[in-house]
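Trainee: need a 3D model of the following:
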Amino acid sequence: MSIGAVQRRVIAALLALVSPLVGGTGVASSLGGSLGLSGNAQYARVAYCPGNSCEVFYLRGKDARATLEVFAAAYFYGVSEFVELRRFQDEEPPEWVASALSRYGQVCAQTWARTAAQCVATYLATSRPIQGRFVHFEEGRRIVVPFAPAQTIGRARHDA
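Mentor: This next block holds a predicted model:
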């Protein structure tokens, strides 16, 4: 089996572990079908895998799934630097993103969607124990790099 085939199988297996973020709302299709969320009220995981790399987030604790849904909407709209998300980020936010951001209207100004998304992602990353992982392939090996989302958000491009 070729290295590319192995990479595709690992990515497919990772995505198979997570269901579409919000069924029937077009969320996965608006992100190229590469987004998934799994878990329950006490543990959740969201992964965005547009190719041979992924951004994966985990959260344990009260309301984990609901919190991670909002974090994912804010992070992927306002922070993530995946090239595949540029078009999505440059457009007006879809309803599922706008709805998620509006839940934090008293914490984050809602004047500009990208700025609001960055604020909500930062707020959740600093107030909840969200863990992040970059997963990618290098010379046929799966590489997993843990990161602190709050630190990553601080380095994100701010071209809202």
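Trainee: any idea where the helices of the protein begin and end?
Mentor: 3-16, 27-30, 64-78, 86-90, 95-102, 113-127, 149-155 (DSSP state H).
Trainee: which one of the ones you listed lies closest to Glu138?
Mentor: helix 3-16 (10.2 Å; Cβ to Cβ). C-betas here are computed from N, CA, C, even on glycine.
Trainee: what's the mean pLDDT across the closest one?
Mentor: The pLDDT scores in helix 3-16 average 46.
Trainee: returning to what we had before: hey, which of the helices of the chain is tucked in deepest?
Mentor: helix 64-78 (a mean of 24; mean count of other Cβ atoms under 10 Å).
Trainee: for it, name the packing helices and strands.
Mentor: Judged by 3 or more Cβ pairs under 8 Å, 6 or more residues apart in numbering; DSSP states H and E, the packing partners of helix 64-78 are strand 35-39, strand 43-48, strand 53-60, helix 86-90, helix 95-102, helix 113-127, helix 149-155.
Trainee: and Val135, which of the helices of the chain is closest to it?
Mentor: helix 3-16 (7.1 Å).
Trainee: okay, which residue is most central for the protein?
Mentor: By Cα atoms, centre = their mean, the chain has its centre lying nearest to Ala72, at 3.9 Å.
Trainee: pretty sure that residue sits against Arg45.
Mentor: No. Counting by Cβ atoms under 8 Å, Ala72 does not reach Arg45; the two are 10.2 Å apart.
Trainee: can I get stretch 89-101 as PDB, trimmed to CA atoms?
Mentor: Taking C-alpha atoms only, stretch 89-101 is exported to PDB below (Å, rounded to 0.1, in the frame of the first residue of the first chain):
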ATOM      1  CA  GLN A  89     -13.600  33.000   6.300                       C
ATOM      2  CA  ASP A  90     -13.800  35.800   3.700                       C
ATOM      3  CA  GLU A  91     -17.600  35.500   3.300                       C
ATOM      4  CA  GLU A  92     -20.300  36.700   5.700                       C
ATOM      5  CA  PRO A  93     -20.700  34.000   8.400                       C
ATOM      6  CA  PRO A  94     -23.300  31.400   7.700                       C
ATOM      7  CA  GLU A  95     -26.200  31.100  10.100                       C
ATOM      8  CA  TRP A  96     -24.600  28.400  12.200                       C
ATOM      9  CA  VAL A  97     -21.600  30.600  12.900                       C
ATOM     10  CA  ALA A  98     -23.600  33.800  13.500                       C
ATOM     11  CA  SER A  99     -25.800  31.900  15.900                       C
ATOM     12  CA  ALA A 100     -22.800  30.500  17.800                       C
ATOM     13  CA  LEU A 101     -21.200  33.900  18.100                       C
END
